[in-house]
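**Student:** could you work out the structure for the sequence below:
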Amino acid sequence: MAGEEPSHHGALDPARFDADIVALFDDRSEGWELLCALPDEILAQLRQRQRRRELDVLALVELRLRFQHLLMDRRRK
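**Tutor:** Numbers count the residues shown, from 1 in each chain. The predicted model follows:
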């Protein structure tokens, strides 16, 4: 119909959750850096958890501890 936005038949961009995930970090730049460094599978799981509203600060502390080596590797380059 005229004036309506095109339908994407339920196709949702999973990256739309990224800003909400990063907002949970005290240091937003670290949040973006970590999201960019995460393996695709882990990032997909993180987005699913955010979609289900299961993410909180404690979950991100665990994530940071688990993947802090990725940030260190990126900063060395």
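**Student:** residue nearest the centroid of the protein?
**Tutor:** Central residue of the chain (Cα atoms, centre = their mean): residue 18, 3.9 Å from the mean position.
**Student:** and that one, what element?
**Tutor:** helix 18-22 (DSSP states H and E).
**Student:** send me that helix as CSV with only the CA atoms.
**Tutor:** Extracted in CSV, the C-alpha atoms of helix 18-22 (Å, rounded to 0.1, in the frame of the first residue of the first chain):
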residue,chain,number,x,y,z
ASP,A,18,24.9,-4.3,18.8
ALA,A,19,24.3,-0.7,20.0
ASP,A,20,22.2,-2.1,22.9
ILE,A,21,25.0,-4.5,23.8
VAL,A,22,27.7,-1.8,23.7
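**Student:** how far off centre is it?
**Tutor:** From the chain centre to the centre of helix 18-22 is a distance of 5 Å (Cα atoms, centre = their mean, to the nearest Å).
**Student:** hmm, who's touching that helix?
**Tutor:** Residues from elsewhere that reach helix 18-22, judged by Cβ atoms under 8 Å, 6 or more residues apart in numbering: 28, 31, 32, 35, 46, 47, 50, 55, 60. C-beta: built from backbone N, CA, C; applies to glycine.
**Student:** looking at it, the fifth one is touching residue 38, isn't it?
**Tutor:** Yes. At 7.0 Å, residue 46 and residue 38 qualify as touching, with contact defined as Cβ atoms under 8 Å.
**Student:** neighbour count winner among these two?
**Tutor:** Comparing residue 46 with residue 38 by other Cβ atoms under 10 Å, the one with more neighbours is residue 46, at 22 against 17.
**Student:** where does pLDDT dip in this structure?
**Tutor:** 1-11, 73-77 (pLDDT under 70).
**Student:** what do you get if the cut-off is 50, keeping everything else the same?
**Tutor:** 1-2, 4-10 (pLDDT under 50).
**Student:** walking through it, point out its helices one by one.
**Tutor:** 18-22, 28-37, 40-51, 57-76 (DSSP state H).
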